[in-house]
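> Need a 3D model of the sequence below.
(one chain, ligands or ions: 1)
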Amino acid sequence: MRNHVQVAVIGGGVVGVSVLYHLTKAGWKDVLLIERAELTSGSTWHAAGGMHTVNGDPNVAKLQQYTIKLYDEIEKISGQSCGMHITGGLMLAGTAERWDWLKMTQARGRYLGMELELLSVAETHKLYPLMDPAHFVGAIYDPIEGHVDPYGVTHAYAKSAQLGGAEIVKQTRVTDLKQRADGSWDVITSGGNVHAEHVVNAGGLWAREVGRMVGLELPILAMEHQYLITEDLPELKGQKEQLHVIDFEGEIYMRQERGGMLMGTYERAGVPWSPHTTPWDFGQDLLPNDLDRIAPSLEVGFQHFPRIGTAGIKKVVNGPFTFAPDGNPLVGPVPGMRNFWVACGVMAGFSQGGGVGLSLSNWMVEGDPGADIWAMDVARYGGWATRAYTNSKVRENYSRRFRIRFPNEELDAARPLKTTPIFERLQQDNAVFGEYCGLEHPLWFAPKGTPAREDITFHRSNAHAHVGAECRAVRESAGLLEISNYGKFDVIGAGAAEWLGSIMANKVPKAGRMTLTPMLNERGKLIGDFTMSRLTEERFVLVGTYAAERFYKRWFERYPPPPGVSVRPAALEYLGLSVAGPQSRALLQSVVDADLSTAVFPFMSFRQVDVGMVPALVGRVSFTGELGYEIWVAPEYQRALLDVLTQAGRKYELRHFGGRALQSLRLEKSFGTWAREYRPIYGAFEAGLDRFVDLTKPAFVGRDAAAQEKAQGGARRLITLAIDARDADAIGDEPIWHRDRVVGWVTSGGYGHTVQKSIAMGYVESAVAGETSDFAVELIGEKRPAIRLTAAAVDPRGTRMRA
Ligand SMILES: Cc1cc2nc3c(=O)[nH]c(=O)nc-3n(C[C@H](O)[C@H](O)[C@H](O)COP(=O)(O)OP(=O)(O)OC[C@H]3O[C@@H](n4cnc5c(N)ncnc54)[C@H](O)[C@@H]3O)c2cc1C
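This next block holds a predicted model:
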């Protein structure tokens, strides 16, 4: 074993070897993989090897496509077969909702370059005679699905990496990790020590234990997972290999395994494995079968595929594999740590392992993952993702693996966890809550005496009319919204303004003012959007996306402030309420001494103001596009703030509104939001944020790339469409057509209640961005005509918010 390397990868499962291969491919040859036993000795060896391209996140779907295409490449380099069987796959729908979901999946595949085909039951039955058509309504066919040999894939990656210069050491366990002052690592192993500049935790089933070596409790948990293999079915003999099949209603997946069939299930009563510690002596072991646990799924499966029910069971496999709370991998550099990277929680290693390896190696070598991998970024979880939280969410996620997540559906596990002091008050007012990063926040308010519950649907829900009333209140009089669910940073010190000027794209405001500012990466892409508020010469408050707080933190570690400037995450230290609407000034003025007239407190002002008895920071801004104020207070004051505003609000017909109304109101204003319109695949010019990018500043991160994008016009543009919708609005990721071509995709959509239009925002190719007509958006499988709005649907000149 080498005693000094650039990178030590811990773990020789399919993920570790993929990382190793991609590092060598990117030119880092001085790399070492350390494996406790033999390659594949964790989850990998007993995987069913199934692979598919469909994923709820389009960016992850692209990486899955990449993974499957990679197998040819590593086979060629290594000479090792991956045992590829590209059989094609079917996803079967047994209900109308699932059929809608398939239509939406097919539509999304259009701009991802996927050739998904919708089939009638009769067509499906022809392709898959093992099914009983009586239980189904149709299917989607994907030509590039199938399965691989886990051993073959792992060794093909490994040999390819070795041919690229990597070393692989087996039968050697990493027992500890010690960081040196320069950020490099002493990797302590059972076979001696190695000094490594970087460490990658690809420990799979033991990734938690490897994390603990450096004081990290990673939010991952292994679940037991069972599949069975039947005796040979004579009718399969001499036939083309059976397709890979997912039967959502049965919650089962199936494929042919030699002469028999392999059937696996994500049962509802899933069981975690080794919830606290993974034993080091667990090797290529299987867990005891528990067919009773999966019996309900098997029963449905045997009804749906009667022939399989009559075949004897040859073998049952029960093995553990790991999940993060949302089922997506954990990838990237860990915020707050130097040179420590993770590639774990990968629950679909044969669909995702290649994409994970590519992203992580890009990140290490180029400083950027090279794709939008927000859905997999380890930074998306914060301190709230405790072991018990993870346990609860992983079990929920596992049990829902084949269930539809409706766009308006809130999941129940691990709730409530974080609440603000006014939670119970809002409950009394019949709020329907959503959960975001563990925090409860109001989505809308059901009328008194009715259940605070939203029916889950792809169509407009029972909330529709009530959200409409909330929107009208904001546009016509005044609304009150809890806004605690934003990320905040305190930036304090001499030199704070210069530092912010160097990492934010917009001008730094003067004291008492705030600005909107994008944050760009070196390639000029959007990695954040903030309101940057300056209280005094040396004190700033940044307000951005709560979910991205650790993502921002990691960026601030990359471009650290100078000595004397402190940057501190402070999300729940400032809790907020917003009052918005034409009456909001009169209302707020009635409880503060300070003069709130526009002459004294104009749009984008930011000051310390006492609201009643409550000391607060008040910004004159509202995401609704109305005259409005954001009021930030320490948590202990939030209840008093609510009281003073609601009492004063009686005179002004103040009513609550929630996140759903905010979404509608901001769409009417064509205001974009992070993770939707603003993501690292879009540039500021493309996103229409160029007025917030101050190219007169001599230098800031991403400046040159932003200038170049502006000069060249960008590849695409963010537009707003009004859709001739029926009873369903866009939700995001639908294809946008122009005439007979797909020219882009929706980033968010909804109903604009006060303009009574179905609105969507999305990106289209620059060439058609100037067109106004002949657009269409595919809503639940139906191409609905749309026109581009040349200006925001409400108050395009922004006079109301400046009034
Ligand atoms: C029954 C079953 C069926 C499955 N079916 C599919 C499927 O059809 N399709 C699919 O895509 N996925 C499937 N999976 C999931 C798949 O197996 C995983 O996604 C994948 O194996 C994860 O790989 P990994 O490299 O992250 O982890 P692992 O395979 O667990 O590898 C981790 C490796 O790290 C080593 N290691 C850990 N700690 C140390 C240390 N301190 N020192 C040295 N070495 C260390 C371990 O020995 C191990 O070899 C299935 C899983 C199971 C259990």
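
> quick one, what contacts Leu645?
With contacts defined as C-beta atoms under 8 Å, 6 or more residues apart in numbering, the neighbours of Leu645 are 480, 577, 579, 587-588, 591, 611, 631, 654. For every residue, glycine as well, the C-beta is placed using N, CA and C.

> What count of nearby residues applies to whatever residue of the stretch 201-350 of the chain ends up closest to the ligand?
Of all residues in the stretch 201-350 of the chain, Gly204 sits closest to the ligand, at 2.0 Å by C-beta to the nearest ligand atom. If you count neighbours by other C-beta atoms under 10 Å, Gly204 ends up with 31.

> got it, and Tyr559?
12.

> And the closest residue to it other than its chain neighbours, what's its pLDDT?
Spatial nearest neighbour of Tyr559, chain neighbours left out: Ile503 (5.1 Å); criterion: C-beta to C-beta, 6 or more residues apart in numbering. Note for Ile503: predicted pLDDT of 98.

> thought Ile503 was touching Arg703?
No. Using C-beta atoms under 8 Å, Ile503 is not in contact with Arg703; the gap is 10.8 Å.

> one step back: next, the contact list for the residue nearest to Tyr559, please.
With C-beta under 8 Å, 6+ apart, Ile503 has these contacts: 519, 555-556, 559, 700-701.

> What distance do you get for the residue of the stretch 51-200 of the chain found nearest the ligand to Tyr21?
Proximity of the stretch 51-200 of the chain to the ligand (C-beta to the nearest ligand atom) peaks at Val174, 3.8 Å away. Distance of Val174 to Tyr21, given as C-beta to C-beta, to the nearest Å: 20 Å.

> Equivalent analysis for Val356, please.
For Val356, the distance to Tyr21 - C-beta to C-beta - is 11 Å.

> So the longest helix along the chain, near the ligand or not?
Taking DSSP state H as the criterion, the chain has its longest helix at helix 58-78. No. Using C-beta under 6 Å from any ligand atom, helix 58-78 stays clear of the ligand, with a minimum separation of 9.0 Å.

> A strand includes Val491, no?
Yes. Judged by DSSP: H, G, I helix; E, B strand; the rest coil, Val491 forms part of a strand.

> so it touches Ser566, yeah?
Yes. Assessed by C-beta under 8 Å, Val491 is found in contact with Ser566 at 7.4 Å.

> What is the burial count for the residue in the stretch 601-750 of the chain that the ligand sits nearest to?
Using C-beta to the nearest ligand atom, the single residue of the stretch 601-750 of the chain nearest to the ligand is Asp733, 22.7 Å away. Residues lying near Asp733 (other C-beta under 10 Å) number 21.

> same question, Phe340
20.

> Could you report the pLDDT at it?
pLDDT at Phe340 comes out at 98.

> before we move on, back to that, neighbour-wise, which of the contacts of Ile503 leads?
Among the contacts of Ile503, Met519 has the most neighbours (other C-beta under 10 Å), with 27 neighbours.

> and the closest residue to that one other than its chain neighbours, what is it in contact with?
Closest residue to Met519 apart from its sequence neighbours, by C-beta to C-beta, 6+ apart: Gly528 at 3.6 Å. Shown in contact with Gly528 (C-beta under 8 Å, 6+ apart): 518-519, 544-545, 548, 551-552, 555, 674, 678.

> please redo it, this time with the cut-off set to 10 Å
487, 503-505, 517-521, 542, 544-545, 548, 551-552, 555, 674, 678, 680 (C-beta atoms under 10 Å, 6 or more residues apart in numbering).

> For Ala156, list the residues it contacts.
If you count contacts by C-beta under 10 Å, 6+ apart, Ala156 has them with 17, 21, 70-71, 73-83, 148-149.

> Name only those of those that count as buried.
17, 21, 70-71, 74-75, 77-78, 80, 82-83, 148-149 (16 or more other C-beta atoms under 10 Å).

> Identify the residue nearest Arg655 in space, chain neighbours excluded?
According to C-beta to C-beta, 6+ apart, the nearest residue to Arg655 is Ala473 (4.6 Å).

> Quick check: mean pLDDT of the host helix or strand of that neighbour?
Using DSSP states H and E, Ala473 maps to helix 464-476. Regarding helix 464-476, the rounded mean pLDDT is 98.

> Please apply the same query to stretch 312-332.
Mean predicted confidence for stretch 312-332 is 96.

> Can you mark which positions in it are buried?
For stretch 312-332, by 16+ other C-beta under 10 Å, it's 314, 317-332.

> for stretch 509-518, same thing?
Within stretch 509-518, the residues scored as buried using 16+ other C-beta under 10 Å are 509, 513-518.

> go on, stretch 637-654?
637-639, 641-642, 644-646, 648-649, 652, 654.

> After the helix or strand hosting Val764, which helix or strand is next? Please name it.
Using DSSP H and E, Val764 falls within strand 757-765. Using DSSP H and E, the next helix or strand after strand 757-765 towards the C-terminus is strand 775-779.

> Can you report how many residues lie near Pro785?
That count, for Pro785 with other C-beta under 10 Å as the rule, works out to 15.

> which residues does the nearest residue to it once chain neighbours are set aside contact?
In this structure, Pro785 finds its nearest non-sequential neighbour in Asp724, 4.6 Å apart by C-beta to C-beta, 6+ apart. Neighbour list for Asp724: 757-758, 776-777, 779, 784-787 [criterion: C-beta under 10 Å, 6+ apart].

> quick one, strands of the stretch 1-150 of the chain?
Ranges of strands within the stretch 1-150 of the chain are 4-10, 31-34, 50-51, 89-93, 117-119, 138-142, 146-147, based on DSSP state E, counting those that start in this stretch.

> Enumerate every residue touching Pro615.
Pro615 neighbours (C-beta under 10 Å, 6+ apart): 608-609, 633-634, 637, 641.

> Inside helices: which ones of those?
Leu641.

> thinking again about what came up before, for the residue of the stretch 201-350 of the chain closest to the ligand, which non-adjacent residue is closest in space?
Per C-beta to C-beta, 6+ apart, closest to Gly204 is Gly42, 3.8 Å.

> Tell me the buried residues in stretch 44-58?
44-55, 57-58.

> how long is it end to end?
One end of stretch 44-58 sits 25 Å from the other (C-alpha to C-alpha, to the nearest Å).

> That stretch - what's its average pLDDT?
Mean predicted confidence for stretch 44-58 is 91.

> swap in stretch 583-601?
Mean predicted lDDT for stretch 583-601 stands at 98.

> Gly203 reaches Ala8, doesn't it?
No. Between Gly203 and Ala8 there is no contact under C-beta atoms under 10 Å: 11.9 Å.

> More neighbours: the two, which one.
The neighbour comparison of Gly203 against Ala8 (other C-beta under 10 Å) goes to Gly203, with 29 against 26.

> How about that one: what's its closest non-neighbour residue?
Among residues not flanking Gly203 along the chain, Val210 sits closest, at 4.0 Å (C-beta to C-beta, 6+ apart).

> tally of neighbours for that neighbour?
Neighbour number of Val210 under other C-beta under 10 Å is 24.

> tell me the SS of it?
helix.

> Was I right to think it contacts Thr189?
No. Applying C-beta under 10 Å, one finds Val210 not in contact with Thr189, separated by 11.9 Å.

> Now list whatever residues contact both of the two.
Joint contacts of Val210 and Thr189 (C-beta under 10 Å, 6+ apart) are 10, 174, 176.

> out of these, which is most surrounded?
Ile10 (28 neighbours).

> hmm, back to that, higher neighbour count, Val491 and Ser566?
A direct count of neighbours by other C-beta under 10 Å for Val491 and Ser566 places Val491 higher, at 22 against 12.
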